[in-house]
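[1] I need the structure of the sequence given here:
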Amino acid sequence: MSLRHTGRSWLLTAPAVFVVAWGGNHFTPLLHVYETLGGYAPWQANLLLGMYVFGLIPGLLVAAALSDQHGRKPVAIAGLVSAIAASVLLAAGMDSFVLLCAGRLLAGIGVGIGMSVGSSWIKELSASPWDLHAGSAAGAWRSSLTLTLGFALGAGVTGAIAQWAPWPGQSPYVVHVALCLLALGPLLRAPESLPAELRAQRPWWRDLRVPSAGQRAFRLLVLPAAPWVFAAAGVAYAIMPAVVEDRLGSWATLYATGLTVVTLGTGALTQTTVGYLNRVTHGHALVVGLSGMTAGMVLAAVAAAVGQPALAFAVAALLGGSYGVCVVSGLLIAQSMATPRDLAGMTGVYYSLAYTGFLLPTLLAALAPGVSYVLALAVVAVVCACCLGVVGVALPRHRRWE
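    Numbering: from 1, shown residues only. Here you go, the predicted structure:
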């Protein structure tokens, strides 16, 4: 039976999307490894975490435009190759900050392609004529679940390998390269979902313009809220381990792994509640999420002051849950402002803004020698509260701006 009629074509692309997401997040539990075994300063380790953003944003925006012109398959293959090259550089670069930066940059490109092109490919293969029985939301949840599992399992498995396996700075990347090579086979057999007659004929850079992002509603709702999505996640699993590491001893890497999994796990769970929250709050789920983030940042400052691992764990759960609510509710608002012509572009802009929040841990770590985490996180909480106020005032008027 042809794959066109089995409804399983998307399963050929899903492994590649899964492993590029794995490669994007498996660095997070290794921050302590780079500080202790690699001798890097905290700001350097956190900069490596943030370098991923500088590859991810072009991966989100440019790759989507290229795939509209050349098809999903060649661009997705390039993303998987980028993920392989990233892990090779990271495995070889323990003693070279430049190589590590290059590896993280390539990892970001791979994840950006996975999120934009890979998700689009899965969505298209989850509809007619490739899947005649999937529901209208099948493509969205299949791609979202694939990415979420990759992010969470990548961090969990890598943390366990780094804690107990030999060569903690190399072994996790060897495992990732092996998984990528296994995913390459199905990817090469996957059908192209974008026919030549439907591909964009104009130069790809013209698709980078997103007129809908110029709306006043975008500036008052999406712009102040989106960066907090991954700022919250970054504080949860990059800063919280740092403020309690003196009490963890040899378990620091495993603890950081647990925080990452808890943050992403609670985030995945709360993503499913956004529809309900919008119903019971009359469309104010984003305010609920930002309120949780503000409370989480306040508690993060308290956790930094007392240095209690259990409290830091609770902070990660709160920030993770708030991240889950904000990432979905913010995306829904952003997409409601878009026209069909720039829907994909608006989605890319939204995620690009969200991922700029990953640079917050780098900024806090750079300030740490002169500014304590307690004071820095207290300031962050105040700024988050101000953004919450802007969104809370603007949100009731959103519909008149659509």
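
[2] which residues of the stretch 251-400 of the chain score low on pLDDT?
    Applying pLDDT under 70 to the stretch 251-400 of the chain flags residues 340-345, 398-400.

[3] For it, which segments count as helices?
    252-271, 274-280, 285-306, 309-336, 343-355, 360-367, 373-394, 398-401 (DSSP state H, counting those that start in this stretch).

[4] Quick one: closest of the ones you listed to Ala16.
    Using C-beta to C-beta as the measure, helix 343-355 is the one of the helices of the stretch 251-400 of the chain that comes nearest Ala16, at 18.7 Å. C-beta: built from backbone N, CA, C; applies to glycine.

[5] Remind me what the closest one packs against, helices and strands.
    Helices and strands touching helix 343-355, by 3 or more C-beta pairs under 8 Å, 6 or more residues apart in numbering; DSSP states H and E, are helix 42-70, helix 227-234, helix 309-336.

[6] Using JSON lines, please lay out the helices of the stretch 251-400 of the chain together with mean neighbour count and distance to Ala107.
    Shown next, in JSON lines, are the helices of the stretch 251-400 of the chain (neighbours: other C-beta atoms under 10 Å; distance: least, C-beta to C-beta, whole Å):
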{"stretch": "helix 252-271", "mean neighbour count": "23", "distance to Ala107": "15"}
{"stretch": "helix 274-280", "mean neighbour count": "14", "distance to Ala107": "28"}
{"stretch": "helix 285-306", "mean neighbour count": "23", "distance to Ala107": "26"}
{"stretch": "helix 309-336", "mean neighbour count": "23", "distance to Ala107": "20"}
{"stretch": "helix 343-355", "mean neighbour count": "23", "distance to Ala107": "13"}
{"stretch": "helix 360-367", "mean neighbour count": "21", "distance to Ala107": "16"}
{"stretch": "helix 373-394", "mean neighbour count": "18", "distance to Ala107": "26"}
{"stretch": "helix 398-401", "mean neighbour count": "12", "distance to Ala107": "35"}
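
[7] how about CSV for those helices, with distance to Met240 added?
    As requested, those are arranged in CSV below (distance: least, C-beta to C-beta, whole Å):
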stretch, distance to Met240
helix 252-271, 6
helix 274-280, 25
helix 285-306, 7
helix 309-336, 4
helix 343-355, 19
helix 360-367, 10
helix 373-394, 10
helix 398-401, 33
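
[8] right, and those helices - which one's nearest Ala91?
    helix 252-271 (17.0 Å).

[9] quick one, the closest one and helix 227-234 angle?
    Helix 252-271 runs at 140 degrees relative to helix 227-234, counting by axes from the mean of the first three to the mean of the last three C-alpha atoms, to 10 degrees.

[10] Just name whatever secondary elements helix 252-271 is in contact with.
    Helix 252-271 sits against helix 31-36, helix 138-164, helix 227-234, helix 240-244, helix 309-336, with contacts defined as 3+ C-beta pairs under 8 Å, 6+ apart.

[11] So for Ala85, which of those helices sits nearest?
    Smallest distance to Ala85 across the helices and strands packed on helix 252-271 (C-beta to C-beta): 16.8 Å, for helix 138-164.

[12] about what we covered before: could the helices and strands packed on helix 343-355 go into JSON lines alongside distance to Phe358?
    Converted to JSON lines, the helices and strands packed on helix 343-355 look like this (distance: least, C-beta to C-beta, whole Å):
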{"stretch": "helix 42-70", "distance to Phe358": "5"}
{"stretch": "helix 227-234", "distance to Phe358": "5"}
{"stretch": "helix 309-336", "distance to Phe358": "12"}
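
[13] hmm, back to that, possible to save the helices and strands packed on helix 252-271 as JSON lines with distance to Ser212?
    Output for the helices and strands packed on helix 252-271, formatted as JSON lines (distance: least, C-beta to C-beta, whole Å):
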{"stretch": "helix 31-36", "distance to Ser212": "37"}
{"stretch": "helix 138-164", "distance to Ser212": "20"}
{"stretch": "helix 227-234", "distance to Ser212": "19"}
{"stretch": "helix 240-244", "distance to Ser212": "36"}
{"stretch": "helix 309-336", "distance to Ser212": "8"}
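
[14] Chain neighbours aside, what residue packs nearest to Leu181?
    Using C-beta to C-beta, 6 or more residues apart in numbering and skipping the chain neighbours, the partner closest in space to Leu181 is Ile84 (7.3 Å).

[15] What helix or strand is the one you found located in?
    If you go by DSSP states H and E, Ile84 is part of helix 72-92.

[16] now for that helix, which elements pack on it?
    By 3+ C-beta pairs under 8 Å, 6+ apart, helix 72-92 packs against helix 10-25, helix 42-70, helix 97-113, helix 119-125, helix 171-189.

[17] chain center to it: distance?
    Helix 72-92 sits 17 Å away from the centroid of its parent chain (C-alpha atoms, centre = their mean, to the nearest Å).

[18] Return it as CSV; C-alpha atoms alone will do.
    Extracted in CSV, the C-alpha atoms of helix 72-92 (Å, rounded to 0.1, in the frame of the first residue of the first chain):
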residue,chain,number,x,y,z
ARG,A,72,10.3,21.0,2.6
LYS,A,73,12.6,18.0,2.1
PRO,A,74,15.9,19.6,1.0
VAL,A,75,15.7,22.3,3.8
ALA,A,76,14.8,19.7,6.4
ILE,A,77,17.7,17.5,5.4
ALA,A,78,20.0,20.6,5.7
GLY,A,79,18.6,21.1,9.3
LEU,A,80,19.5,17.5,10.2
VAL,A,81,23.0,17.9,8.8
SER,A,82,23.4,21.1,10.8
ALA,A,83,22.4,19.2,14.0
ILE,A,84,24.9,16.5,13.3
ALA,A,85,27.7,19.0,12.6
ALA,A,86,26.7,20.9,15.8
SER,A,87,27.2,17.8,18.0
VAL,A,88,30.5,16.9,16.3
LEU,A,89,31.9,20.4,17.1
LEU,A,90,30.5,20.3,20.6
ALA,A,91,32.1,16.9,21.3
ALA,A,92,35.4,18.1,19.9
